[in-house]
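Colleague: Got a predicted structure here, sequence first:
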Number of protein chains: 2
Amino acid sequence: MRRFVIAVLLLASSLLWAALPAAASPKIERIKTPLGIEVWFVREPSIPILSLQATWRGGSSSEPAGQEGLAQLATGLLNEGAGDLSADDFQIALQESAVDMGFSTERDYTTATIRTLTVNRARAFDLLKLALTAPRFDDEPVQRVKAQARVAYERSRTSPNALVGERFAQLAYGDHPYGRRSAPSTESLERIDRAALAGFTTSLLARSNLVIGAVGDVAPEDLARLVDTSFGSLPMQASVTLPVPVVPKTAAQPVVIPFPNPQSILLFGAPGIAREDPDWYAATVLNQVLGGGGMTSRLFEEVREKRGLVYSVGTQLAPYKAAALVSGSLATSNAQVGDALKLVRAELARVAKEGVTDRELAAAKSYMTGSFPLRLNSNAAIAGMLVAIQNTGLPPDYIDAYPGLINSVTQDDIRRVAERLFARNDYLVVVVGQPAGLETPASGKQGG
Amino acid sequence: MRRFVIAVLLLASSLLWAALPAAASPKIERIKTPLGIEVWFVREPSIPILSLQATWRGGSSSEPAGQEGLAQLATGLLNEGAGDLSADDFQIALQESAVDMGFSTERDYTTATIRTLTVNRARAFDLLKLALTAPRFDDEPVQRVKAQARVAYERSRTSPNALVGERFAQLAYGDHPYGRRSAPSTESLERIDRAALAGFTTSLLARSNLVIGAVGDVAPEDLARLVDTSFGSLPMQASVTLPVPVVPKTAAQPVVIPFPNPQSILLFGAPGIAREDPDWYAATVLNQVLGGGGMTSRLFEEVREKRGLVYSVGTQLAPYKAAALVSGSLATSNAQVGDALKLVRAELARVAKEGVTDRELAAAKSYMTGSFPLRLNSNAAIAGMLVAIQNTGLPPDYIDAYPGLINSVTQDDIRRVAERLFARNDYLVVVVGQPAGLETPASGKQGG
């Protein structure tokens, strides 16, 4: 009965998706500021708010070895005191003008976001300039943020998710910067001082590696002036170190991190496909069918729905700039780890050999093109999309072009990319738990 | 120097706020469906998405004694299997159509939210109907959700924030439903079975206590049909029990819950002001000045900035339907609890006697009216506002009227409401930690 219901649902939802009209996509203007900074902009007059996102190429993979977490600490401290303003005073200034300003970092990029009522935009961008060009790294906020990081590190020592991700990165990337933690450890915190924090931000926050997207209710020339205020006095050239390209390592045997838990978490991965690769779109459609579609994906259907072997299972494409990865994860009871992994391996081998059905291909295309508007659901989301498009080297009409790029993926494309990604049996596999049924697992130590 | 900088900032930000133009406010349509259900609606054609929020009067305060957490469990299970669909199948159906559907509950209201691409709206509202009228409460999801609740309960036994809130409610409300936990405990979980879950939702989810707001790109008559589909077959009359009005208790002495932590968390409170009270708007302006404005409020300035006595301090108005409360909280090192509380008491007494300065009043009004558009920053936020306006018995032009309501608050209003709320010294005070310097504290036990 349940299978029948699902078949009916699939049919029903395919029919619904097929009725999708063309969505109105935002009109992107490319602005060059008086100081020569490029900004991609969508004017949105319906609400008196301006949202801006900026990214700099460079992030945790630009940290010196031994100073893991430097990027996270440094960016987290940018709005904790700058110029004449102490940490409290800076936060008070933001609150008085109802400005949201935040910074974050990951392996390849560091991001600033700001959201302000248009009426307060001058003040907001003055404060952003202070944060970017004159962060203070005063002792009080530095010690406070370090103390929080110490607590987070201690907690992560008992988090299976943190442990499995860390070990996976170590084994996949070895001594490469991608192999290190991106959050601080007790040891790295001792090596990160004020000079390191200031030096890192100075080397990173420049104009050569800067990309900006903005959405809101301002005139383009007004936005240009604001951008020059905040970003115009940054150094022209970034001096941050970017990691060299590397191929993720694979392994003949699973690695186990013993952990006293009734369930296991398992990560697997192999070399993936770069964002700039001509087969990228085919790979995203394949991933949607195989394991990227949540509970609607083939792996979920085969491994959980039909055989009840896992709580969750999925795959993802991770196109890191220096090492594209295709990876997957599953969570299951310790007793079922071996059976679940065997079945996942069999499904990956099957898709490498047979590809996907016409029906699966059509459903994935329909879902991906139809649900795209949900990714443009707020001004902040659109600003983020403008930045992502630029960082990928795509043209401004990408949003309009996306459905065509997806719909033009053929079964030949899928077969080619499936074989490229999944015709292998040497996935790097890391398990945290007390798994049973693994093929002669290599032993691993806990922690790191 | 720092004081000077802040004064300049205050001036600067006042000037900026003063330049605020009138924001375009959303145009609200009141729709009556063919089956007679009222919906407040804002048509928003810029993106092909429909967001709807519905609330029912009744929530955790409608639970029978001994079944604490029933409302939370029941609503959390509504999208975990309904009609012919198991928990997995229901979630798969949502994912296939990219529908977000969620339920939550608090003391006075239970809320459903749904967000769908307009192209999938028929399917989305069919699924919502299933969740509301035919939830299954199958054994698998019930046991799974109960297991999660058990873990959350155990964790909360070592959370100072959870412990202080619980004890405060017990002491303020005694045997009244507001005095109970709203999350399940190990004991209450044993008393909540399928019959209790089904009985509770049947008594709650009706038309007599239903209010709906929606925002999106659909025609009003189309929305009316969708609403009738999902809500039209609910029982006309809710049979849920609503709590009787009660006045929060106060206390002569602080109550301490000993807890091995270097810092203490302190809650204080007293009878507040109802949302329908003519002095409500004056109270919100007063609260903004005193302790509701985050780091820009008077308490923060006096207790932290000037004397460094706390990490954080603030106040809030909580207009619960059966017992309005004014409350505040602070976090500080154990050694400074006594001094911090003395200073907070002195500031509350001072505002009761002297009110606020003209400058504070103007700054609060400017901030509250100027930042209002940030509360309408997404379609979901606007849908929530439409529901809140109806639940408060306000007219559809409330959003336009809000600046006038705030700006018409006079110093006389502020003095009257300040005396009403803060001319007392018998606040109920509860501290979790190892506080020093409290006036002969009454002893309290941990847990509950």
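Modeller: Good, I have the coordinates. Numbering: from 1, shown residues only, chains lettered A, B, ... in the order given.
Colleague: so what's A:Glu301 up against?
Modeller: Counting by C-beta atoms under 8 Å, 6 or more residues apart in numbering or on different chains, A:Glu301 makes contact with nothing. (Each C-beta comes from the backbone N, C-alpha and C, glycine too.)
Colleague: Let's see that with 10 Å instead.
Modeller: A:Ile6, A:Gly293, A:Met295, A:Arg307, A:Val313, A:Glu347, B:Ile92 (C-beta atoms under 10 Å, 6 or more residues apart in numbering or on different chains).
Colleague: Which among those residues count as buried?
Modeller: A:Ile6, A:Gly293, A:Met295, A:Val313, A:Glu347, B:Ile92 (16 or more other C-beta atoms under 10 Å in any protein chain shown).
Colleague: Check those for the minimum pLDDT and say which it is.
Modeller: Ranked by pLDDT, the buried ones among the contacts of A:Glu301 bottom out at A:Ile6 (36).
Colleague: helix, strand or coil for the nearest residue to A:Arg107 once chain neighbours are set aside?
Modeller: Among residues not flanking A:Arg107 along the chain, A:Ser61 sits closest, at 4.6 Å (C-beta to C-beta, 6 or more residues apart in numbering or on different chains). Judged by DSSP: H, G, I helix; E, B strand; the rest coil, the three-state class of A:Ser61 is helix.
Colleague: Run a quick check on A:Ser61 versus A:Lys321, I expect a contact.
Modeller: Yes - the criterion here is C-beta atoms under 10 Å, and A:Ser61 meets it with A:Lys321 at 8.3 Å.
Colleague: now, among the buried ones among the contacts of A:Glu301, which is nearest to A:Ala340?
Modeller: In terms of C-beta to C-beta, no member of these lies closer to A:Ala340 than A:Val313, at 7.5 Å.
Colleague: which residues are contacting stretch A:81-88?
Modeller: Applying C-beta under 10 Å, 6+ apart, the contact partners of stretch A:81-88 are A:77, A:79-80, A:89-94, A:126-138, A:140-142, A:144-145, B:1-2, B:4-6, B:8-9, B:295, B:300, B:304-305.
Colleague: Can you say which of those are buried?
Modeller: Among the contacts of stretch A:81-88, the ones that count as buried (16+ other C-beta under 10 Å) are A:77, A:79-80, A:89-94, A:126-133, A:135-138, A:141-142, A:145, B:5-6, B:9, B:295, B:300, B:304-305.
Colleague: show me the residues around the nearest residue to A:Ser156 once chain neighbours are set aside that make contact.
Modeller: Nearest residue to A:Ser156 in three dimensions, chain neighbours excluded: A:Ala162, at 3.9 Å (C-beta to C-beta, 6+ apart). With contact taken as C-beta under 10 Å, 6+ apart, A:Ala162 is in contact with A:Ala152, A:Tyr153, A:Arg155, A:Ser156, A:Arg181, A:Ala183, A:Val432, A:Gly448.
Colleague: Neighbours of the third one, how many?
Modeller: Same thing as A:Arg155. Per other C-beta atoms under 10 Å in any protein chain shown, the neighbour tally for A:Arg155 reads 10.
Colleague: residues contacting A:Asn377?
Modeller: Counting by C-beta under 10 Å, 6+ apart, A:Asn377 has contacts B:Ile47, B:Ile49, B:Ser51, B:Arg115, B:Ser378, B:Asn379, B:Ala380.
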